[in-house]
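[1] Okay, predicted coordinates and the sequence, questions at the end:
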Amino acid sequence: MKVATAAYPMDFLVSWRAYEDKLTSWVSKAVGAGADLLVFPEYGAMELATLAGRDVARDLEASLRAVSNRTPEADALHATLAQRFGVHILAASAPVFDPAIGDRPVNRARFFAPDGSMGHQDKQIMTRFEREDWGVVGGGPLHVFDTALGKIGILICYDSEFPLLARAMAEADVILVPSCTEALTGYSRVRIGAMARALENQCVTVMSSTVGSCDWSEAVDENTGMGGVFGPPDTGFPATGVIAEGTLNQPGWTYAEIDLDRVAHVRADGVVLNRRHWEDQTGRDVIAATRKLD
């Protein structure tokens, strides 16, 4: 497959039509480059809050509700584009108030197939800002999506920094990592996490990012990142583990060809077999005892 992963700038939208035109243009460009799988970033949907005006977009609580209210329309648009262009699309994640979860929003990424059908993945572990200032909570369980492109999992930003979450989707050939990071430190943490998960699971990880400044939001006011596609530094993959990467803070798509036969091969006969040997950790005293040296 060919994957397109976004370094996505959020805009102050003057109308719903402006959003339709923007998203259609992004999808059309990726499809024109031959992409089969398009990956948008975490919280890229926050630009929908601007449709309710600057005051709403600037307010932490009001912006959550404004975006959640617009999410069904955004989902319909993504489903239409997935069908029209015959591609899989991971939409930019959005805060969603789901009565089945509770009275606080989850951070939800929605995944669309070429027939227009949709699945979703909620973020599992909240950052300090999400839990202490914004009131966003962890959502439903992890999923592995069995698609025509292969088995695909999603770890939203901070989730990629926790190996047991990735291990729970060890059958996934590809793990998507949509991210939203304010500073280079945050981007680096998620990138390192994405690369480590590719190493441990002997799979491909695909990281997308928000980029640029948004003076209309306190939540996503500054954004640092770029697109990246990573694999295990082993047989059939680049020695660095970096399959493709964009340019820091430059908006646009980063493209990469992903050969799932290489994933299968490295899992079966790599120089090392991290995925298979994960279980060798169990039964050992993995908590180091403190020992004083005189």
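    Received the coordinates, thanks. Numbers count the residues shown, from 1 in each chain.
[2] so how far is R54 from A113?
    According to C-beta to C-beta, to the nearest Å, A113 and R54 sit 36 Å apart. Any C-beta I mention is one placed from the backbone N, CA and C, and that applies to glycine too.
[3] check contacts around A219.
    Y43, M46, L60, S63, F129, W134 (C-beta atoms under 8 Å, 6 or more residues apart in numbering).
[4] Look at the fourth one and give its secondary structure.
    By that I understand S63. helix (DSSP: H, G, I helix; E, B strand; the rest coil).
[5] Next up, the contacts around it.
    By C-beta under 8 Å, 6+ apart, S63 lies in contact with M46, A49, V56, A57, S217, A219.
[6] what about it, distance to G86?
    Applying C-beta to C-beta, the value for S63 to G86 is 34 Å.
[7] again with the third one
    Applying C-beta to C-beta, the value for L60 to G86 is 38 Å.
[8] Tell me who's in contact with the most centrally placed residue in the chain.
    Nearest to the geometric centre of the chain sits P178, at 1.7 Å (C-alpha atoms, centre = their mean). By C-beta under 8 Å, 6+ apart, the residues touching P178 are 39-42, 44, 90, 92-93, 109, 154, 156-157, 207-208.
[9] again, 6 Å this time
    P41, E42, S93, A109, I156, S208 (C-beta atoms under 6 Å, 6 or more residues apart in numbering).
[10] Across the sheet, point out what pairs with it.
    Beta bridges link P178 to S208 when assigned by DSSP bridges.
[11] buried set for the lowest-mean-pLDDT helix or strand in the chain?
    Taking mean pLDDT, DSSP states H and E as the measure, the chain has helix 274-277 as its least confident helix or strand, at a mean of 94. Buried residues in helix 274-277, counted by 16 or more other C-beta atoms under 10 Å: N274, R275.
[12] Which residues outside that helix are in contact with it?
    By C-beta under 6 Å, 6+ apart, the list of residues contacting helix 274-277 from outside reads E200, N201, Q202, R267.
[13] just how off-centre is that helix within its chain?
    24 Å (C-alpha atoms, centre = their mean, to the nearest Å).
[14] hmm, back to that, counting neighbours, go ahead and name the busier of A113 and R54.
    Taking neighbours as other C-beta atoms under 10 Å, A113 and R54 compare with A113 leading, 19 against 13.
[15] Tabulate the CA atom coordinates of the least confident helix or strand of the chain in CSV.
    Output of helix 274-277 as CSV, limited to C-alpha atoms (Å, rounded to 0.1, in the frame of the first residue of the first chain):
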residue,chain,number,x,y,z
ASN,A,274,11.4,-8.9,19.4
ARG,A,275,7.7,-9.6,18.9
ARG,A,276,8.1,-13.4,19.5
HIS,A,277,10.5,-12.9,22.4
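[16] What segments of the stretch 101-250 of the chain are strands?
    Taking DSSP state E, counting those that start in this stretch as the test, the strands found in the stretch 101-250 of the chain are 106-112, 118-122, 144-147, 150-154, 174-179, 204-213, 222-223, 228-230, 242-245.
[17] I'd like these as TSV, with mean pLDDT appended.
    Converted to TSV, the strands of the stretch 101-250 of the chain look like this (pLDDT from 0 to 100):
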stretch	mean pLDDT
strand 106-112	98
strand 118-122	98
strand 144-147	98
strand 150-154	98
strand 174-179	98
strand 204-213	98
strand 222-223	98
strand 228-230	98
strand 242-245	98
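[18] picking up where we left off before, just put the contacts of P178 in TSV and tack on distance to H78 and neighbour count.
    As requested, the contacts of P178 are arranged in TSV below (distance: C-beta to C-beta, whole Å; neighbours: other C-beta atoms under 10 Å):
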residue	distance to H78	neighbour count
P41	14	31
E42	15	28
S93	12	28
A109	11	28
I156	17	26
S208	15	32
